[in-house]
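J.: When you get a sec, could you give me coordinates for this:
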Amino acid sequence: MKPTIYDIAREAGVSATTVSKVINNKGRISEKTKAKIMKIMEDLHYQPNVLASAMKGKNTFTIGIIIPDMNNPVYSEYLKLIEAYGRELGFSILICNTNNDPEKEEEQVTLFRQRQVDGFIIASKFKNDEVLKELINENFPLVLFALERPELSIDCVTIDDFLGGYKVTEYLLSLGHRQIGVMTEDAVSSLERVKGYKQALSNADIEYSEKLIYQSETTIERAVEQAGKLLDNQDRPTAIFGCNDVLAVGTIMAAKQRGIKIPNELSVIGFDNTFMCKIVEPQLSSVAAPLGEMGRKAMDLLISKIDKTNKLKQRIKMLPDLVIRETTARVYGKDGQ
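T.: Residues are numbered from 1 along each chain as shown. You can find the predicted model right below:
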């Protein structure tokens, strides 16, 4: 019987991923470990054959990443970081965009499984609960990225969205803003960010108003439209929190169309700290997540599931930071100081 990558890993006392990295000459492996693995491969007359392994149901060292919407630039940043680290570990990355369509989610999962991917990273949104629960019930290697489903026993790596929303609101309150609007999207992360916003208002003894919350699709066009409605309120907010940078940029554009000066007459802050923050005028304040570290954590966690070296379910939550630029300022008049 021909030896497998798992036989090599067992003999060397390392994971199959480590053996893969040596075979593909990728990743950071000590010379001592490399030499040990190469010696075992030679002694066992091991000849790597990834295609044959795939046909026999073994690992293909391929991971499928599912994203919901390419309109949001944060997803391109997710992909860039995860793909780079995946390559470093000897894995190929397959990517698909579902356009927030549950049917397309099912199609892509089916397609990826036909292509023998070893596991999935699902980023930010996934609406097809039936497919998600099926993957969980099968114990198929799976990690949620920037998405948390508290009601499901599933591994995830997220940012603390509640804290992000709280810190944004606390900061705007410190600038004297009392009438703070929010632009949200249809996402679990937005719900958590709004919860943080509500908590900060409550802590400051400020009444929450549903009239200040507007939901939008994550496109500039829809964000401009919805933000315009918020800005046309009789009691217009002095600050608006966009639950992602696309919504915040759309808010800036809607304000400019109405001759509202930023930040003198309206403060705007986003979330995700994407490249958009630096190319819009004035430059956008936002909330930053440690995306590089999040990507590495997600890959490491997924690989531990593929290798079956870690059976514990984990929820890894990382802390956000405010990045203050040019779109936020102290408010004067009304209820401000």
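J.: I'd like to know how many residues surround the closest residue to residue 232 other than its chain neighbours.
T.: In space, and not counting its chain neighbours, residue 232 is closest to residue 258: 7.9 Å by C-beta to C-beta, 6 or more residues apart in numbering. Where C-beta positions appear, they are placed from N, C-alpha and C, glycine not excepted. The tally of other residues near residue 258 (other C-beta atoms under 10 Å) stands at 13.
J.: for residue 258, what are its contacts?
T.: If you count contacts by C-beta atoms under 8 Å, 6 or more residues apart in numbering, residue 258 has them with 228, 231, 232.
J.: one more time with 10 Å
T.: 227, 228, 231, 232, 236, 265, 266 (C-beta atoms under 10 Å, 6 or more residues apart in numbering).
J.: hang on, isn't the fourth one packed against residue 211?
T.: Meaning residue 232. No: counting by C-beta atoms under 10 Å, residue 232 does not reach residue 211; the two are 11.9 Å apart.
J.: what about the residue nearest to residue 232, distance to residue 178?
T.: As judged by C-beta to C-beta, to the nearest Å, residue 258 and residue 178 stand 21 Å apart.
J.: tell me which helix or strand of this structure sits lowest on mean pLDDT?
T.: helix 50-55 (a mean of 42; mean pLDDT, DSSP states H and E).
J.: would a markdown table of the contacts of residue 258 with pLDDT be doable?
T.: Shown next, in a markdown table, are these (pLDDT from 0 to 100):
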| residue | pLDDT |
| --- | --- |
| 227 | 97 |
| 228 | 96 |
| 231 | 96 |
| 232 | 95 |
| 236 | 93 |
| 265 | 95 |
| 266 | 97 |
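J.: May I ask which of those has the most neighbours?
T.: Going by other C-beta under 10 Å, residue 227 tops those with 28 neighbours.
J.: Could you tell me the backbone phi and psi angles at that one?
T.: phi -60, psi -30 (degrees, to the nearest 10).
J.: Return the residues in contact with it.
T.: 181, 183, 214, 216, 240, 242, 247-255, 257-258, 268.
J.: Now the buried members of the residues you listed.
T.: Buried residues within the contacts of residue 227, counting neighbours by 16 or more other C-beta atoms under 10 Å: 181, 183, 214, 216, 240, 242, 247-255, 268.
J.: wait, isn't residue 316 in contact with residue 299?
T.: No: using C-beta under 10 Å, residue 316 is not in contact with residue 299, being 12.0 Å away.
J.: contacting residues for residue 111?
T.: 64, 94, 96, 117.
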